[in-house]
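Trainee: Sharing a sequence plus its predicted fold:
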Amino acid sequence: MSRRFVVLAATLMLIVSACGGTGTSGTTTAPAATTAPVAVATTAAPTAAPPCTVGVSWNNYQEERWAKWDEPAIKAAIAAGGGKYISNDAKSSAETQASNVDNLISQGAKVVIVLAQDGTAIKPSVAKAIQNGVAVIAYDRLIEDPKALYITFDNVLVGKLEAQSVFAAKASGNYVIIKGNKADANADFLRGGYDQVIKAAVTSGAIKIVGETYTDNWDPAKAQTEMEQFLTANSNKVDAVLSENDGMAGGVVAALTAQGLAGKVPVSGQDGDKAALNRIALGTQTVDVWKDSRALGKSAGEAAMQLCKNSDITKVTGTAPFTTPGGNTVSSILLQPDPITSANLKDVLDAGWITKADLCQGVAAGKNASCN
Amino acid sequence: MSGPPIPNAPTAEGRPAGSIASVFGPIGAALAPVRRTLSYLEVDTRLLGMVLALAVIWVSFDLVSGGTFLSPRNLWNLSVQSSSIAIMATGMVLVIVSRGIDLSVGSMLGFLGYTMAMTQAVWIPQALGLGFDRPYTWIIAVVVGVALGAVIGGLQGFVIAYGGVPSFIVTLGGLLVWRGLIFRYAQGQTIAPLDQNFQMLGGGTVGTRVGALGEWASWILGAVICVAIVYTLITGRRRRRRYGFPNRPLWAEAMLGLAGCAVALGVMWVANSYPLPINVALQYGQEHGITPPPGGLIIPTGLAFPVVIMLGVTVVMTFIASRRRFGRYVYAIGGNPEAAALAGINVRRTLMLTFSLMGALVALSAAVQTARLDAAVTNLGVQNELDVISAAVIGGTSFAGGIGTIPGAILGAVVMQSLRSGMVLLLVDSPTQDIVVGIVLVAAVGLDTALRRRTT
Amino acid sequence: MSAMPAPVPPRVPLAELRDIQVSFGGVRAVDGVTVDVYPGEVVGLVGGNGAGKSTLIRTLSGARPPDSGQIRVSGQAVTIANPRDAKALGIETIYQTLALADNLDAPANVFLGRELTATGTLNDAAMESATRKVISRLNPNFKNFKMPVLRLSGGQRQAVAIARAIHFNARVLIMDEPTAALGPAETAQVHALVEQLKRDGIGIFLISHDIHDVFDLSDRISVMYHGKLVGTVKKEEITTDEVLGMIILGKPPTKLTAQELAELRSPAG
């Protein structure tokens, strides 16, 4: 979950490119996408009624993920429902995004999907849209407005799935917990998910937490140092490691390797990093909780088509109430992430998420069925 | 032993220019004999004060951790953990001495680490189709990284020196640009695994290969350092005698030589006291057909390669700072830029080269960090600039310019890392660690400033 | 306005500045000034604050090349673009600010930019030895050769700055306020040094606000006023009051009225 950092860095990059006078950039990384402020993709199916227009406000289209995974899935779902897709890019500016939302509506959008740059700053624009009868979907990131539909992966569940796989491998003994950035709420969501699995065993004394720390910036190098110190402090008597993401899991595995413990101590992670999936094939990481962005995009596109017909967000299929950190209850669709272990590595290959060469680099023949 | 003049160094006449002891009034009087001895030894009392402070930190952590902190294993880890920051801190000393600052080192480290990772994991094996883990791969990766580092640093230095843009601004821009470029050409992906030979540079373990010198090479290196110290003392003495200058008393000279040798061999002894981890040793035994004896197979690890690199950098940088014209000019520019220019020094060229040297050192640190992690990640080196600047400043480098030493910066880096890893060992969480390190930083510089004011 | 004929006409000036112009922004700090110095001669350069003395002399030391005009050394036209060029021509300068790197010790300052090396490394012992020799001529009590010059007294710092200028066999020496920071004993030492250097055949430009210093040491005196040369006069042919008149009123003595001279005398006491 280094997304917050990615956004920050992308913001800085944008400032730099703006300073450099290059203006509209992003052509190097966004293969299919247009860099024009508004992209219009009309659907092929001409229907009698004018198609319902769905507008997407990206916060920063230059990030690889949105162009590569999310947008095609949203587009496909809208096209399948007979709708029309328009979008614009806020280039990491909360102010730009506010006016972008207005622009989408004036272009005729009946539903607006917002990937918020700032979940608080966007609230007035969202409220105005809803007053004008436009339905709003908060995509991937929470907007604290009870009238906006929230579609995301369940972060507490991510933590739970990580812990379940590690717990299945080692139900007792000394646990180390490497958490992410202390300022990032997700670090605590994930930790909450861990507790759902291991709390009972911790209370009973079967599991002893011998080391637990936040890690500034989700920094893998810091995680490595932390792990080294925990191993030293416990004379290598560490039986399992819960690492909140893949990057830090890499640092943990490096520290375990130095003590000849890699592959002997279960380690968790999330994000579907190529390097982490490779570690699962190698056997040095136990689980990588994978959130398929395409499923998220598809879900949002389908929800938008339903909202075209009925703007009541509680009537959308699969919604459930969700209590936000701000105390609001919003309708939400929480997607299930997939825990990837050595048993189901085939899933990421089949999904085209990773190539076999990347997944199986350095894996001995016969070690993992997916690499054969 | 003569380096760039250090304000607090005792004078040739044996008058202590300012010892730590002098600050404490009556205690200072009681310590007069100690002070006299130190003045005979002509050692830098500031540096000695830092060594004492470090000793206090180490012993305290050791007591609280029940003997874990000063175990060979922890000291070995500590040495590896410190080396990346220490390598960069030696360059930062020269940058700050010349009245500049380099805020871009963390981002540059990420960028260079990424480039080296791409070179060895993508370009050479895949794009050029030469395959993985070739014997030359790591050399090419390091050469590419260091050359690019020198160019990038030199580019920033050019804008600073010839463009007249303040270094704070240029390197702040660099901090954004180099980090941004990582996202541009790697698109947020982690590059791993890396070349197996390259991983040795980080002191890591691949199978049964460990990135360390091993037992005998460590002892030999220790002996070589010892001989070098004695040789330096003897030639220095001979040279001074040739010009008819007063020399230290012979006993003082012998004491310095003995102390130097003791430190060099002591470090090797600690490194060799850390045996390979049991699992690694067992596997090693199996591969080499050694039956483990009843007490288990004990194979000394020896000095880690990152530490060897750091030592090499320290020697070279100290030589540049104190024995080469370039270093003398850097200090002169820091002391009085106008005077340096009037003395005919090419100030702009010197400044540009200082930043270029910084870039090359960042590349070495990037190699160590990526090799150690066995991966290049997008947030590699984030906030390292703060650690590097802190190490230099704790080591006595002054923002006023002209003052700072390479060994001081190395000690500063070790102090910082000792605090950090000691606190992790004691399960202190990262927010508290930040608070402690922040206070120590300010206190160290405050104390240093107070000492200087007293002695000037 | 024309320079006085030299004592022995066939001799060539060691250094000549001809029709030098220097402007800062729109202001002409030095406007068509011509001065020269012969071997074994001291030329005093005087003028009020902002008269352009230092700016003029910085064109010779390489600190600020002139916008136009010509510099000749031993009769040859030369280009002095930076301090290195000046030093290569044997022109050394003692700046009013001393231009010392305060964090370095005396030998490092004396040899700054011209370090002695042995097999590529600095030879500190050789530099210290040479520095001890040259400074002992100026100040036999000077002992702090390993101390940053920051912590030396004003006189000792001055000695370091002078040592730097005379160690490298200067042919032309520029002294900008060399006695400003000194006490009487040290001033006397500097006077003795100047006499010694004259005997060695060195040409000296002496800038000073102290008219007595100038009269004691100089053979000729060039007076500047608002960036222009008022005139160059032989010491024996002029009085201090007449020089003061040139400095304050910017007129050569021949053009001064009796009343102006009287007014000059009265405030001077």
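Mentor: Happy to help now that I have it. Residues are numbered from 1 along each chain as shown, chains lettered A, B, ... in the order given.

Trainee: Next one: B:Ile309 relative to chain C, how far apart?
Mentor: 23 Å (Cβ to the nearest Cβ, to the nearest Å). No exception for glycine: its C-beta is placed from N, CA and C like everyone else's.

Trainee: by contact count, what packs against the helix or strand where that residue lies?
Mentor: In this structure, B:Ile309 sits in helix B:305-323 according to DSSP states H and E. Here helix B:305-323 touches helix B:72-97, helix B:325-335, helix B:347-373, helix B:406-425, strand C:121-122, going by 3 or more Cβ pairs under 8 Å, 6 or more residues apart in numbering or on different chains; DSSP states H and E.

Trainee: Run through chain B and note the low-pLDDT ranges.
Mentor: B:1-31, B:187-188, B:454-456 (pLDDT under 70).

Trainee: got the contact list for the residue nearest the centre of it?
Mentor: Nearest residue to the geometric centre of chain B (Cα atoms, centre = their mean): B:Ala86, 2.4 Å. Applying Cβ atoms under 8 Å, 6 or more residues apart in numbering or on different chains, one finds that B:Ala86 lies in contact with B:310, B:313-314, B:391, B:409-410, B:413-414.

Trainee: before we move on, what about B:Leu361?
Mentor: Neighbours of B:Leu361 in contact, by Cβ under 8 Å, 6+ apart: B:87-88, B:90-91, B:149, B:313, B:317.

Trainee: So which of these wins on neighbours?
Mentor: Within those, most neighbours by other Cβ atoms under 10 Å in any protein chain shown means B:Met88, with 34 neighbours.

Trainee: these two touch, right, it and B:Ile389?
Mentor: No: using Cβ atoms under 8 Å, B:Met88 makes no contact with B:Ile389, being 9.5 Å away.

Trainee: Quick check: the residue nearest to the centre of chain B vs B:Gly173, distance?
Mentor: Distance of B:Ala86 to B:Gly173, computed by Cβ to Cβ, to the nearest Å: 26 Å.

Trainee: what's the answer for B:Ile394, then?
Mentor: 27 Å.

Trainee: repeat for B:Ile229
Mentor: B:Ile229 sits 43 Å away from B:Gly173, going by Cβ to Cβ.

Trainee: quick one, the helix holding B:Ile309 and helix B:72-97 angle?
Mentor: 30 degrees (axes from the mean of the first three to the mean of the last three Cα atoms, to 10 degrees).

Trainee: How far off centre is helix B:305-323?
Mentor: Relative to its chain's centre, helix B:305-323 lies at 8 Å (Cα atoms, centre = their mean, to the nearest Å).

Trainee: again with stretch A:353-366
Mentor: Centre-to-centre, stretch A:353-366 and its host chain are 24 Å apart (Cα atoms, centre = their mean).

Trainee: Pull it out as PDB, backbone CA atoms only.
Mentor: Presented in PDB, the C-alpha positions along stretch A:353-366 are these (Å, rounded to 0.1, in the frame of the first residue of the first chain):
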ATOM      1  CA  TRP A 353      -0.800  -9.900 -14.400                       C
ATOM      2  CA  ILE A 354       2.700 -11.200 -14.700                       C
ATOM      3  CA  THR A 355       4.700 -13.100 -17.300                       C
ATOM      4  CA  LYS A 356       6.000 -16.600 -16.600                       C
ATOM      5  CA  ALA A 357       9.600 -15.400 -17.100                       C
ATOM      6  CA  ASP A 358       9.200 -12.800 -14.400                       C
ATOM      7  CA  LEU A 359       7.300 -15.100 -12.100                       C
ATOM      8  CA  CYS A 360       9.700 -18.000 -12.400                       C
ATOM      9  CA  GLN A 361      13.100 -16.300 -12.600                       C
ATOM     10  CA  GLY A 362      15.500 -18.400 -10.600                       C
ATOM     11  CA  VAL A 363      12.900 -21.000  -9.600                       C
ATOM     12  CA  ALA A 364      14.300 -24.500  -9.700                       C
ATOM     13  CA  ALA A 365      12.500 -27.000 -12.000                       C
ATOM     14  CA  GLY A 366       9.800 -28.800 -10.200                       C
END
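
Trainee: Buried ones in that stretch, by neighbour count?
Mentor: Buried positions in stretch A:353-366, judged by neighbour count with 16 or more other Cβ atoms under 10 Å in any protein chain shown: A:353-354, A:359-361, A:363.
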